[in-house]
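Novice: when you get a sec, could you give me coordinates for this:
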Amino acid sequence: MNTHLLFLFLDGVGLGTPDPAYNPWASASMPHLRALLGGIPLSNAHSRVENSRATLRPLDATLGIPGRPQSASGQAAILTGRNIPYLLGGHYGPRPNSPIAAALRRDTLFHRFRQAGLEADLCNAYPAPYFEAIQRGKRIPGAIAMAARAAGLPLHTRTDLLHGQA
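Specialist: Down below sits the predicted model:
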């Protein structure tokens, strides 16, 4: 049996009201995504959508921790399955600090897929200046890119994207 998983993550995007006047996702033409979700638009009108082809689960980005959710700790929580903001005593971001980086190096979805002998890929492409800034020590990769690299996955380039490999 050939099974595929597409994990689509949009950082900082919430599920809003089903009213298109306030929520562009409610009326956006997304035929493939809507088909996967059984025709249901992206909004907070549905607490959860699950069918034979897809599952949509709204998440509470605070994870029960006071304060504004931040990218690094929130993404690390999703990737590791652990409540990173709780473990840190608060939200942290936008880039991973040392404790978050350590968690991302140990055990993430990317690691688990690879250990199970499954293929995994980060379907994203980064421009050359991104890699140059990391090499010069001027930029720290975000949590998702850091986790992918730690699991041995390549970070794709603009060239990869242009050749249909990202």
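
Novice: what are the ranges of the strands in this structure?
Specialist: Along the chain, counting by DSSP state E, strands occupy 49-50, 55-56, 125-126, 156-157.

Novice: for residue 6, find the nearest of the ones you listed.
Specialist: strand 55-56 (10.9 Å; Cβ to Cβ). To be clear about C-beta, it is placed using only N, CA and C from the backbone, and glycine gets the same treatment.

Novice: partner strands of that closest one, parallel or antiparallel?
Specialist: Here strand 55-56 has these sheet partners by DSSP bridges: strand 49-50 (antiparallel).

Novice: related to what we said a few turns ago, is it possible to get a markdown table of the strands of the chain that adds distance to residue 164 and mean pLDDT?
Specialist: As requested, the strands of the chain are exported to a markdown table (distance: least, Cβ to Cβ, whole Å; pLDDT from 0 to 100):
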| stretch | distance to residue 164 | mean pLDDT |
| --- | --- | --- |
| strand 49-50 | 30 | 88 |
| strand 55-56 | 27 | 86 |
| strand 125-126 | 11 | 92 |
| strand 156-157 | 11 | 94 |
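
Novice: just put these in TSV and tack on mean neighbour count and distance to residue 68.
Specialist: As requested, these are exported to TSV (neighbours: other Cβ atoms under 10 Å; distance: least, Cβ to Cβ, whole Å):
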stretch	mean neighbour count	distance to residue 68
strand 49-50	13	27
strand 55-56	14	24
strand 125-126	17	26
strand 156-157	18	30
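
Novice: residue 114 is nearest to which of these?
Specialist: strand 156-157 (16.8 Å).

Novice: packing partners of the closest one?
Specialist: strand 125-126 (3 or more Cβ pairs under 8 Å, 6 or more residues apart in numbering; DSSP states H and E).

Novice: who's in contact with the strand it packs on?
Specialist: For strand 125-126, contacts defined as Cβ atoms under 8 Å, 6 or more residues apart in numbering pick out 145, 155-158, 160-161, 166.

Novice: list buried residues within those residues.
Specialist: With burial judged by 16 or more other Cβ atoms under 10 Å, the buried subset of these is 145, 155-157, 166.
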